[in-house]
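J.: My questions concern the predicted model and sequence given below.
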Amino acid sequence: MEIGNIIAGIYTFLFFILFASIAYRISKREQPMFFWNESVKGANYEIDPSTVKNIKEYNRAHSIMWFLYSIPFAVAAITTIFGYGEITFAILISNGTIGIILLIWGNSYINSKYIKKCSDPPKLD
């Protein structure tokens, strides 16, 4: 274990802490968490609570999604500390590409499950 590997491992572990903290914060929110929102109301991206079927479950699902995204950073930190740079690189590249795609897909899935659908479209007379 070299000092450079330990320092890089600590920095990588900070990303785990960042995303795990986001997951924890989401789990404690009383308002629906937003990943992004296609319909922007002014400058904020908040989701109207009346459009969410179950806010607690909706936030729980987002919390799990973000925690799962954080796990590869913890694994990468461990592999960095023990000098497995190639494995660390593969984990970080995978998480930065496939992981982000999975976040987008997960958000779409969560929204399709918990956001109420408009059953009666407005009439255009």
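T.: Received the coordinates, thanks.

J.: Spatially central residue for the chain, please.
T.: Centroid-nearest residue in the chain, with CA atoms, centre = their mean: Trp66, separated by 3.2 Å.

J.: Which secondary structure element is home to it?
T.: helix 55-81 (DSSP states H and E).

J.: which strands and helices sit next to the helix or strand just after that helix?
T.: Counting by DSSP H and E, the next helix or strand C-terminal to helix 55-81 is helix 85-114. Judged by 3 or more CB pairs under 8 Å, 6 or more residues apart in numbering; DSSP states H and E, the packing partners of helix 85-114 are helix 3-28, helix 55-81. Quick note: C-beta positions are derived from backbone N, CA and C, even for glycine.

J.: mind listing what's buried in the longest one?
T.: Along helix 55-81, the positions that meet the burial threshold by neighbour count (16 or more other CB atoms under 10 Å) are 55, 58-63, 65-67, 69-70, 72-81.
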